[in-house]
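Asks: just coords:
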């Protein structure tokens, strides 16, 4: 059984979110939902997530899962908001504990913050199978970008790859975050590219050149033929060398500081302080290249 997929693009963060379902009136999952954040004012809003809410209600879908491919560093997750609006369970890889442990020190988080993944409703084990209504899905552990990256295979030929792969003319994800590894990413990508050639890969981001519009989907075959970083014939050592040089030249994502603090909490804000206000911390001279 193959899923229906509705894509939602946020141009501010170049992020694609998805609703995955069987048919009108069926169960569904929401993948990588975006919470709008204004870095100048610190204000959050739900414009992007509201579009998903409207679609789910119009299609009379029942949300069973709110799936995160990893703890994103470029946008805040709307999973907690959507759970309040629509229900469902927020899920991520069990390896999120490694990410939480690393960033708990970075942000000197409050004593009550636990780095055991308990902020999420479900932690997927490696290659764990689950259901979205009648659709069978598998959580494929694909580390490299971060230790906790997951690709969700739904049905026989739809895979939501998160940040492991971009469109062939853009390449692959960076590996210089804590716990990242170019060698692991190469092997994870080879696992994805070993799937049947017509498998549809749904991407989390696109950063298109001026001559084309953003695109959210391609096939395994297209990636194997044309990905500028990992097309057929590119060896692991070559990829590691390329990725290391490229990552050293990249600026940090604009929203990395607020995103990580919210996303390791499953999309919840830090607890309010004594004055009733939530605060996000900015470590000084910590993230500099």
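Replies: Happy to help now that I have it. Remember, predicted model here, so these are calculated numbers, not experimental data. Residues are numbered from 1 along each chain as shown.
Asks: separation between the residue positioned nearest the centre of the chain and residue 238?
Replies: Nearest residue to the geometric centre of the chain (C-alpha atoms, centre = their mean): residue 69, 3.7 Å. According to C-beta to C-beta, to the nearest Å, residue 69 and residue 238 sit 26 Å apart. For glycine as for every other residue, the C-beta is placed from the backbone atoms N, C-alpha and C.
Asks: The helix ranked longest in the chain - what's its average pLDDT?
Replies: In the chain, taking DSSP state H as the definition, the longest helix is helix 236-249. Taken as a whole, helix 236-249 carries a mean pLDDT of 97.
Asks: After that helix, which helix or strand is next?
Replies: Downstream of helix 236-249, the first helix or strand assigned by DSSP states H and E is helix 256-263.
Asks: what comes up buried for that following helix?
Replies: 257-263 (16 or more other C-beta atoms under 10 Å).
Asks: what's the most distant pair in the residues you listed?
Replies: 257 and 263 (11.4 Å; C-beta to C-beta).
Asks: Same question for residue 221, what's its three-state structure.
Replies: helix (DSSP: H, G, I helix; E, B strand; the rest coil).
Asks: Find the nearest non-adjacent residue to it, please.
Replies: The shortest distance from residue 221 to any non-neighbouring residue, by C-beta to C-beta, 6 or more residues apart in numbering, is to residue 197 (3.9 Å).
Asks: tell me, how many neighbours does the one you found end up with?
Replies: Other residues near residue 197 come to 13 when the count uses other C-beta atoms under 10 Å.
Asks: and what of residue 15?
Replies: 23.
Asks: do residue 216 as well
Replies: If you count neighbours by other C-beta under 10 Å, residue 216 ends up with 19.
Asks: And for residue 105?
Replies: Using other C-beta under 10 Å: residue 105 sits among 10 other residues.
Asks: Run through the helices of the stretch 101-250 of the chain in chain order.
Replies: Assigned by DSSP state H, counting those that start in this stretch, the helices in the stretch 101-250 of the chain fall at 182-193, 220-226, 236-249.
Asks: re earlier: so the residue nearest to residue 221 sits right up against residue 218, yeah?
Replies: No: the pair residue 197 and residue 218 does not pass the contact test of C-beta atoms under 8 Å, sitting 11.5 Å apart.
Asks: Can you classify the residue nearest to the centre of the chain as helix, strand or coil?
Replies: Classification of residue 69 by three-state DSSP places it in coil.
Asks: tell me which element the nearest residue to residue 256 once chain neighbours are set aside falls in.
Replies: Leaving aside its sequence neighbours, residue 256 sits nearest to residue 73 (C-beta to C-beta, 6+ apart; 4.5 Å). Per DSSP H and E, residue 73 falls between elements, in no helix or strand.
Asks: just residue 18 next, same as before
Replies: Assigned by DSSP H and E, residue 18 falls in strand 15-21.
Asks: confidence score at the residue lying closest to residue 156 once chain neighbours are set aside?
Replies: Distance criterion C-beta to C-beta, 6+ apart; nearest residue to residue 156, sequence neighbours excluded, is residue 2 at 6.6 Å. Note for residue 2: predicted pLDDT of 85.
Asks: oh, and call the first residue 42 from now on, that's how I've got it
Replies: New numbering, starting at 42: the last item is residue 43.
Asks: Just confirm residue 43 contacts residue 177, I think it does.
Replies: No: here residue 43 does not reach residue 177: they are 11.0 Å apart, not a contact under C-beta under 8 Å.
Asks: Common neighbours of the two, please.
Replies: Contact criterion C-beta atoms under 8 Å, 6 or more residues apart in numbering; residues shared by residue 43 and residue 177: residue 196.
Asks: Do you have the strands of the stretch 92-241 of the chain handy? List them.
Replies: Using DSSP state E, counting those that start in this stretch, the strands of the stretch 92-241 of the chain run over residues 103-108, 117-118, 130-134, 163-165, 169-173, 176-182, 191-195, 199-203, 241-244.
Asks: pLDDT of the last one, averaged?
Replies: Model confidence over strand 241-244, given as mean pLDDT, is 98.
Asks: and if you look at the first one?
Replies: Along strand 103-108, the predicted local confidence has a mean pLDDT of 98.
Asks: Equivalent analysis for the third one, please.
Replies: Strand 130-134 shows a mean pLDDT of 98 in the predicted model.
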